[in-house]
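> fold the following and give me the result.
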Amino acid sequence: MGAQPADTMMALLPPVGWADVAMKQDLSNLELRLDAKMNVLRVDLSREMRNYFFALVSAFTVLLTLATAISHLLP
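Okay, here's the model as predicted:
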């Protein structure tokens, strides 16, 4: 690549400095924050799944009770 194309390409880059470059420590901090958020999501999902399971078991119990009661009422 010649000097002219290189100058043109450099002119098209946004004006940033070294402060805008991500360092290993920045990526490590980001990883820690993402891990913390994922753990919160995992706990929330576990809680919701447990609640859903108990609601489903309760609904099946009610339906089974109703079906048994109706079957006893029929001749």
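
> what's the burial count for residue 62?
10 (other CB atoms under 10 Å). All C-beta atoms are positioned from the backbone trio N, CA, C, and that covers glycine.

> please, which helix or strand holds it?
Assigned by DSSP states H and E, residue 62 belongs to helix 24-73.

> tell me the secondary structure at residue 14.
coil (DSSP: H, G, I helix; E, B strand; the rest coil).

> low-confidence bits of this structure, can you list those?
For the chain, no stretch has pLDDT under 70.

> switch to 90 and redo it
The chain contains residues with pLDDT under 90 at 1-3, 6-7, 9-22, 74-75.

> tell me how far residue 48 lies from residue 41.
10 Å (CB to CB, to the nearest Å).

> could you do residue 75 as well?
For residue 75, the distance to residue 41 - CB to CB - is 54 Å.

> okay, these two: which has more neighbours?
Using other CB under 10 Å as the criterion, residue 75 and residue 41 rank with residue 41 on top: 10 against 2.

> related to what we said a few turns ago, run the chain-centre distance for the helix holding residue 62.
Distance of helix 24-73 from the chain centroid (CA atoms, centre = their mean, to the nearest Å) equals 14 Å.

> likewise stretch 18-28?
24 Å.

> restrict that stretch to CA atoms and write it as CSV.
The C-alpha coordinates for stretch 18-28 follow below in CSV (Å, rounded to 0.1, in the frame of the first residue of the first chain):
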residue,chain,number,x,y,z
TRP,A,18,-4.9,5.5,23.7
ALA,A,19,-7.4,6.2,26.4
ASP,A,20,-10.1,4.7,24.1
VAL,A,21,-8.3,1.4,23.6
ALA,A,22,-9.5,-1.5,25.8
MET,A,23,-6.8,-3.1,27.9
LYS,A,24,-6.6,-6.6,29.4
GLN,A,25,-7.8,-5.2,32.8
ASP,A,26,-10.8,-3.6,31.1
LEU,A,27,-11.7,-6.9,29.5
SER,A,28,-11.2,-8.7,32.8
